[in-house]
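> only geometry, no sequence info:
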């Protein structure tokens, strides 16, 4: 797996050493406010998430990356591409999804946009993916702004079985 560097960030493979960071991320109700995941509460649960991501690396050649600040080497969250081929979202499967999740103390500093921009460029320019998609809850305006900064287009809105309204974004490769 490749790693990416931006002016302030390092995006690298997630390893079991990141379990405490994943636990901090996925146990925080503010972080999970707009995602369907249930909070986790133990290191073994965080390790299971990491093993799932690492299986995606092996199976699909890509997956979510750990995001570190270059100045402090601190784990601040994850960002990356995922081939959604083991579930269905909006009646779709086998699509490339860009996603990101950061710890709240790192919100509002442009880190998510910086990581997502590098990830999108990697997917389009290096991997030559034909299209990259993203799903976001309609009321998650901060995440929607990030996607729109990336020139991702709102393609449609859809309702999940729990009644929540979601947005489907996409960006085709111009190459």
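In hand now; what should we look at? Since the structure is predicted, the reported quantities are computational estimates derived from the model, not experimental observations. Residues are numbered from 1 along each chain as shown.
> name every strand pairing with the longest strand along the chain and say which way it goes.
Taking DSSP state E as the criterion, the chain has its longest strand at strand 75-84. Using DSSP bridges, strand 75-84 pairs in its sheet with strand 64-69 (antiparallel), strand 95-102 (antiparallel).
> select, out of the ones you listed, the one closest to residue 10.
strand 64-69 (4.5 Å; C-beta to C-beta). Yep, even glycine has a C-beta here, placed from its N, CA and C like the rest.
> do you know the pLDDT at the residue nearest to the spatial centre of the chain?
Most central in the chain under C-alpha atoms, centre = their mean is residue 99, positioned 2.1 Å from the mean C-alpha point. Here, the pLDDT recorded for residue 99 equals 97.
> quick check: it touching residue 79?
Yes - taking contacts as C-beta atoms under 8 Å, residue 99 lies within contact range of residue 79: 7.1 Å.
> overlap in contacts, those two.
Common neighbours of residue 99 and residue 79, counting by C-beta atoms under 8 Å, 6 or more residues apart in numbering, are residue 64.
> okay, buried residues for stretch 147-157 please.
Using 16 or more other C-beta atoms under 10 Å as the test for burial, stretch 147-157 gives 147, 150, 152.
> secondary structure, pLDDT and distance to residue 8 for those - can I get that in CSV?
As requested, these are exported to CSV (DSSP: H, G, I helix; E, B strand; the rest coil; pLDDT from 0 to 100; distance: C-beta to C-beta, whole Å):
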residue, secondary structure, pLDDT, distance to residue 8
147, helix, 98, 20
150, coil, 97, 17
152, coil, 97, 22
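> ok, so of these, who is nearest residue 10?
residue 150 (19.8 Å).
> what residues are up against the closest one?
98, 113, 116-117, 120, 171.
> let's see it at 10 Å
Residue 150 is in contact with 98, 113, 116-117, 119-121, 132, 134, 169, 171, counting by C-beta atoms under 10 Å, 6 or more residues apart in numbering.
> one more: residue 46?
For residue 46, counting by C-beta under 10 Å, 6+ apart, the contacting residues are 16, 18-27, 40.
> which of these has the most neighbours?
The most crowded member of the contacts of residue 46, judged by other C-beta atoms under 10 Å, is residue 22 (25 neighbours).
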